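S.K.: From the sequence below, what's the structure:
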Amino acid sequence: MGFPQPRPTILSIEPYVGGESKIEGVNRIIKLSSNEGAFGVPPGAVAAMQRAAAEMHRYPDGHANALRAAIGRKFGLDPAKIVCGNGSDELIQHLILAYGGEGTELVMSAHGFVMYDISGRYAGCRVIKVPERNLTADIDAMIAACGPRTKLVFLANPNNPTGSMVPKADVARLRAGLRDDILLVLDSAYAEYVQSPDYDAGVELVDAGTNTIMTRTFSKVFGLGGARLGWCYGNADVIDVLNRVRGPFNVNAQALAAGVGALEEPGWVEKSVAHNAEWRGRLGEGLRALGLTVYPSEGNFLLVDFTEAARAKAADAALRARGLIVRAVGSYNLPTCLRITVGTAEECTLVLEAVKAHLRA
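M.R.: As a prediction, the model looks like this:
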């Protein structure tokens, strides 16, 4: 008997593997593998979710009106140009399915977020991964990689897992170098953590009327990774497309409430960003002092190069033995590296002590 066969591109997809959270036989686990916020969930978000739980028999607001209004207030944006999603991953997938498909091409940087590749293959796109320079997106090479079939260009800025940031003038140059019918997607999941003054998350290009859309998330600085909540900001035409293809209740009621609560938590972002800037610096300096290469990062994580894949694997094992889970990034073709989330002061200190002890053993 025969059986149903998926499209050939589906079987070329390597399933996404998230950061681990458990180590068998270890009681205290410190998870630094998924770039989650260092301080957990904002208290206001927890309270909002608890209130929403009493109304779980009701369908959520399918238009996310309260959350879009809160995002607009927080970032000075027009709520009409915002769409919320079940994580920014959902919105990314919708964009690729809507604008890509069989016979089209999607261009991304070589070490860009793996979900662009997965969703692109799902849609049937030919995914073109452009080599980087010093683990930073090569803007000229990305423009050159675009051909007549290119419909989408993705740029994570800052990029995960490398932490690199492309200055706003170069992002504008990328947009200017693309045809008008190519949609530029700027994934700004780590925008809140950026310290460089030479940065724009994408708002300027969207407001300029270019064919650009910016995606954002609540999973990082706002501490809501488990709620699966994201949003995007774009021009009216792209927003209209997303509202046509997304599910009618694509964000659950508790996530909607938590998002508003997180946005309204006094001082949360400021505290989180200040801590990240301090301990990203301390952690990086400490690891460099041990002779390791630590790449510049504008996110809430560091990419650390151990020179050889075997050394990275051994360091990972040594950290795990102490209950410290970081992220091996061989799936990003970076087998000699580990990605380490900037956790609390105690967690960062424990990482430094563990790596030091391992290297000197």
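
S.K.: where along this structure do the helices fall?
M.R.: 43-53, 65-75, 87-99, 114-123, 139-145, 168-176, 203-207, 236-245, 253-263, 268-289, 309-321, 345-359 (DSSP state H).

S.K.: just checking, what packs against the fourth one?
M.R.: In terms of contacts (3 or more CB pairs under 8 Å, 6 or more residues apart in numbering; DSSP states H and E), helix 114-123 is packed against helix 87-99, strand 105-109, strand 126-130. Glycine gets a C-beta too; all of them are placed from N, C-alpha and C.

S.K.: Other residues contacting it?
M.R.: For helix 114-123, the surrounding residues in contact (CB atoms under 8 Å, 6 or more residues apart in numbering) are 9-10, 12-14, 16, 89, 92-93, 96-97, 100-102, 104, 106, 108, 127, 129, 152, 154, 187, 331-332.

S.K.: wait, isn't Asn86 in contact with Val251?
M.R.: Yes - at 5.9 Å, Asn86 counts as touching Val251 under the criterion of CB atoms under 8 Å.

S.K.: Quick check on those two: which one has the bigger neighbour count.
M.R.: It is Val251, of Asn86 and Val251, that has more neighbours when counted by other CB atoms under 10 Å, with 27 against 19.

S.K.: Next one: Gly299 from Pro131, what distance?
M.R.: 21 Å (CB to CB, to the nearest Å).

S.K.: my bad, Leu338
M.R.: Taken as CB to CB, the span from Leu338 to Pro131 is 22 Å.

S.K.: more crowded one of these two?
M.R.: In terms of neighbours (other CB under 10 Å), Leu338 is the more surrounded of Leu338 and Pro131; the figures are 27 against 12.

S.K.: where does the more buried one land on pLDDT?
M.R.: Leu338 is assigned 98 on the pLDDT scale.

S.K.: same thing with Gly25?
M.R.: So, for Gly25, pLDDT stands at 69.

S.K.: likewise the one 4 residues further on?
M.R.: Ile29 carries a pLDDT value of 92.

S.K.: same deal with Met142?
M.R.: We have a pLDDT of 98 for Met142.

S.K.: and it, what does it touch?
M.R.: Contacts of Met142 by CB under 8 Å, 6+ apart are Val107, Ser109, Val130, Val153, Leu155, Leu174.

S.K.: Turn these into a markdown table, including pLDDT, distance to Thr215 and neighbour count.
M.R.: Output for the contacts of Met142, formatted as a markdown table (pLDDT from 0 to 100; distance: CB to CB, whole Å; neighbours: other CB atoms under 10 Å):
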| residue | pLDDT | distance to Thr215 | neighbour count |
| --- | --- | --- | --- |
| Val107 | 98 | 16 | 29 |
| Ser109 | 98 | 16 | 29 |
| Val130 | 98 | 20 | 20 |
| Val153 | 98 | 13 | 28 |
| Leu155 | 98 | 11 | 26 |
| Leu174 | 98 | 16 | 23 |
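
S.K.: quick check, nearest of those to His275?
M.R.: Leu155 (27.0 Å; CB to CB).

S.K.: That closest one against Leu186, yeah?
M.R.: Yes - at 5.7 Å, Leu155 and Leu186 qualify as touching, with contact defined as CB under 8 Å.

S.K.: any common contacting residues for the two?
M.R.: Val171.

S.K.: For Asp170, the count of nearby residues, please.
M.R.: Using other CB under 10 Å: Asp170 sits among 18 other residues.

S.K.: For it, list the residues it contacts.
M.R.: Ile139.

S.K.: Pro148 versus Arg181, what's the distance?
M.R.: Wrong residue type there; residue 181 is Asp, not Arg. Using CB to CB, Asp181 is found at 10 Å from Pro148.

S.K.: More neighbours: the two, which one.
M.R.: Ranked by neighbour count (other CB under 10 Å), Asp181 and Pro148 place Asp181 first, with 9 against 6.

S.K.: Got phi/psi on the more buried one?
M.R.: Backbone torsions for Asp181, taken as degrees, to the nearest 10, come to phi -90, psi 10.

S.K.: Quick check, it in contact with Thr150.
M.R.: No - counting by CB under 8 Å, Asp181 sits too far from Thr150 to count as a contact (9.1 Å).

S.K.: the domain parsing of the protein - what is it?
M.R.: As recorded under automatic domain parsing, the domains making up the chain are 19-40+268-359, 43-263.

S.K.: Would you reformat these as CSV and include distance to Gly2?
M.R.: What follows is these, written out as CSV (distance: least, CB to CB, whole Å):
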stretch, distance to Gly2
domain 19-40+268-359, 33
domain 43-263, 22
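
S.K.: Buried deepest among those domains, which one?
M.R.: domain 43-263 (a mean of 20; mean count of other CB atoms under 10 Å).

S.K.: Quote the end-to-end distance of it.
M.R.: Taking CA to CA, to the nearest Å as the measure, domain 43-263 stretches 11 Å from start to finish.

S.K.: closest one to Phe3 among the domains of the chain?
M.R.: Comparing the domains of the chain by CB to CB, domain 43-263 comes nearest, at 20.2 Å.

S.K.: which intervals of this protein have sub-threshold pLDDT?
M.R.: Low-confidence segments of the chain, defined by pLDDT under 70: 1, 21, 25.

S.K.: Next, name the residue at the spatial heart of it.
M.R.: Ala189 (4.4 Å; CA atoms, centre = their mean).

S.K.: backbone phi and psi for it, please?
M.R.: phi -60, psi -30.

S.K.: Out of the helices and strands packed on helix 114-123, which gets nearest to Val342?
M.R.: Nearest to Val342 among those is helix 87-99 (20.4 Å), distances taken as CB to CB.

S.K.: Convert the C-alpha atoms of that closest one to CSV, please.
M.R.: This file holds the C-alpha atoms of helix 87-99, laid out as CSV (Å, rounded to 0.1, in the frame of the first residue of the first chain):
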residue,chain,number,x,y,z
GLY,A,87,5.6,34.1,19.4
SER,A,88,7.4,36.0,16.7
ASP,A,89,8.0,32.6,15.1
GLU,A,90,4.4,32.4,14.1
LEU,A,91,4.6,35.8,12.4
ILE,A,92,7.8,34.9,10.6
GLN,A,93,6.2,31.7,9.3
HIS,A,94,3.1,33.5,8.1
LEU,A,95,5.3,36.1,6.3
ILE,A,96,7.3,33.4,4.5
LEU,A,97,4.2,31.4,3.5
ALA,A,98,2.4,34.5,2.3
TYR,A,99,5.3,36.0,0.3
